[in-house]
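Engineer: Predicted model, plus sequence, below.
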Amino acid sequence: MEQETTFEVRDKRSSAQQASQGSHPSQGTEPSTSSPHHQESKSGATQMQSASSSDAARPAVEITFTSFILSLAASGLIQLGGEADPATGKKSVNLTMARQTIDLLSLLQVKTKGNLTAEEDTHLSQALYALRMAFVELDKKR
């Protein structure tokens, strides 16, 4: 006799919001320690459908090496105070994190040498140059 295994996925981000708003995160949910025999759950198909419907609201973004490089470069720009942090909406400088981002991009440049398209190599070189120049300018002011 096969026993159906169920699992529950909890989004801790909403729990943190509820806790900061004064409500208890476990309100309205069953305790996770209850046995699978006593726990009512959605069927696997229903769970997958609800997960895919939340993903459908997000546009599909193709992950490429260039988009990865641009993402790291944007993070570096935020760390250098060139753009506001999307999480806080404020500009701040974190030279330690910016140096790590620049070092990571530099490492990628060394490890991918000879394996990139001309466009990928150009994006990587330009991103590194811009971040390094901004870093040196900020480091001079310290």
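Structural biologist: Happy to help now that I have it. Numbering: from 1, shown residues only.
Engineer: and residue 80, how many neighbours?
Structural biologist: 24 (other CB atoms under 10 Å). Glycine gets a C-beta too; all of them are placed from N, C-alpha and C.
Engineer: next one: residue 102
Structural biologist: The number of residues packed near residue 102 is 21, by other CB under 10 Å.
Engineer: Longest helix in the protein, please.
Structural biologist: Criterion DSSP state H: the longest helix present in the chain is helix 118-141.
Engineer: quick one: average pLDDT of that helix?
Structural biologist: Averaged across helix 118-141, the pLDDT comes to 95.
Engineer: Which strands or helices does it pack on?
Structural biologist: Counting contacts by 3 or more CB pairs under 8 Å, 6 or more residues apart in numbering; DSSP states H and E, helix 118-141 is packed against helix 65-79, helix 95-111.
Engineer: winner for burial among the ones you listed?
Structural biologist: helix 65-79 (a mean of 18; mean count of other CB atoms under 10 Å).
Engineer: what's it packed up against?
Structural biologist: On a contact count with 3+ CB pairs under 8 Å, 6+ apart, helix 65-79 meets helix 95-111, helix 118-141.
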